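K.L.:
generate coordinates for the sequence data below:
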Amino acid sequence: MAKLSLFERRRRRVRSALRARSGDKPRLSVHRTGRHIYAQVIDDAQGRTVAAASTLGEKSSGANVDAAAKVGKDIAEAAKKAGVTTVVFDRGGFLYHGRVKALADAAREGGLEF
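P.N.:
Residues are numbered from 1 along each chain as shown. Now for the predicted structure:
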């Protein structure tokens, strides 16, 4: 078995902790790159994406806190349209800081509970 990177180890640790305490709630998964940030609400029981939002395809830079906050508001709106109000927040292997925190705060303001 190949040695896992620190990021991958952190991601697996976060996911296993979420599975243990999530119940049947959908998961708000966040992924960030140098240029963009992506968020999706995933129903693990059915194995499908309920709602998604990202900075991909927008003219403005996706690599800042303001863009992440906009994605947070968009994902909350899309999740509410799909009938989801409570989720568990999956930060993946990313630290809860900066863009990830801005996205989470904006999603909470938009009406998602976690």
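
K.L.:
ok, and the closest non-adjacent residue to residue 107?
P.N.:
Closest residue to residue 107 in three dimensions, ignoring its sequence neighbours and counting by Cβ to Cβ, 6 or more residues apart in numbering: residue 72, at 4.2 Å. No exception for glycine: its C-beta is placed from N, CA and C like everyone else's.

K.L.:
oops, could you answer that again for residue 36 instead?
P.N.:
residue 62 (3.9 Å).

K.L.:
and residue 70, how many neighbours?
P.N.:
Counted with other Cβ atoms under 10 Å, the neighbours of residue 70 add up to 20.

K.L.:
if I look at it, how far off is residue 17?
P.N.:
When Cβ to Cβ, to the nearest Å is applied, the distance between residue 70 and residue 17 equals 28 Å.

K.L.:
one step back: report how many residues lie close to the residue nearest to residue 36.
P.N.:
Residue neighbour count, defined by other Cβ under 10 Å, stands at 22 for residue 62.

K.L.:
work out for me the element it sits within.
P.N.:
In this assignment (DSSP states H and E), residue 62 forms part of neither any helix nor any strand.

K.L.:
that one contacts residue 56, correct?
P.N.:
Yes: the pair formed by residue 62 and residue 56 meets the contact definition of Cβ atoms under 8 Å, at 7.2 Å.
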